[in-house]
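Chemist: sharing a sequence plus its predicted fold:
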Amino acid sequence: MDLGKKSFIKKVINILLSVVFVLFIGGNMFYCFIAGAPNDRGTLIKYVFNAAMFSLLLPSIICGCLFYIHYLHGLIDDMNKI
């Protein structure tokens with residue numbers, strides 16, 4: 001295997017692990033939020049929608065921040081090589 005394929009496979013694995021992380025944490029958060037949901041139908045729909053958005057948004061932001069930190073770390077390493 002050449003270096004380009006290894007790099008591509010590593011990127012794909014990182015993306016898949018990130019997606020699994022976001023879905024797993026989001027699913028757990030959603031389950032915990034819904035456990036205390038109100039019984040009123042109108043309020044329930046709003047509550048479930050907001051819980052779903054928050055459950056996916058928060059882990060996505062955390063994952064995005066980690067990728068950005070990793071990207072900046074690579075830029076710093078490249079600058080130190082010069």
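Modeler: Happy to help now that I have it.
Chemist: longest helix in the chain, please.
Modeler: Across the chain, the longest stretch assigned as helix under DSSP state H is helix 41-81.
Chemist: so which elements touch it?
Modeler: Contacts defined by 3 or more CB pairs under 8 Å, 6 or more residues apart in numbering; DSSP states H and E place helix 41-81 against helix 3-34. Where C-beta positions appear, they are placed from N, C-alpha and C, glycine not excepted.
Chemist: could you check the angle the longest helix of the chain makes with helix 3-34?
Modeler: Taking axes from the mean of the first three to the mean of the last three CA atoms, to 10 degrees, one finds helix 41-81 and helix 3-34 inclined to each other by 150 degrees.
Chemist: so for helix 41-81, mean pLDDT?
Modeler: Averaging pLDDT along helix 41-81 yields 91.
Chemist: just stretch 23-30 next, same as before
Modeler: 91.
Chemist: distance between stretch 11-20 and the chain's centre?
Modeler: With CA atoms, centre = their mean, to the nearest Å as the basis, stretch 11-20 stands 10 Å off its chain's centre.
Chemist: in that stretch, what's buried?
Modeler: Across stretch 11-20, burial judged by 16 or more other CB atoms under 10 Å covers residue 18.
Chemist: state the mean pLDDT of that stretch.
Modeler: Across stretch 11-20, pLDDT averages out at 89.
Chemist: only C-alpha atoms, please: export that stretch in CSV.
Modeler: Extracted in CSV, the C-alpha atoms of stretch 11-20 (Å, rounded to 0.1, in the frame of the first residue of the first chain):
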residue,chain,number,x,y,z
LYS,A,11,-9.1,10.0,7.1
VAL,A,12,-12.0,7.8,6.4
ILE,A,13,-11.6,5.9,9.6
ASN,A,14,-11.4,9.2,11.5
ILE,A,15,-14.6,10.5,9.9
LEU,A,16,-16.4,7.2,10.6
LEU,A,17,-15.3,7.3,14.3
SER,A,18,-16.4,10.9,14.6
VAL,A,19,-19.9,10.1,13.1
VAL,A,20,-20.2,7.1,15.5
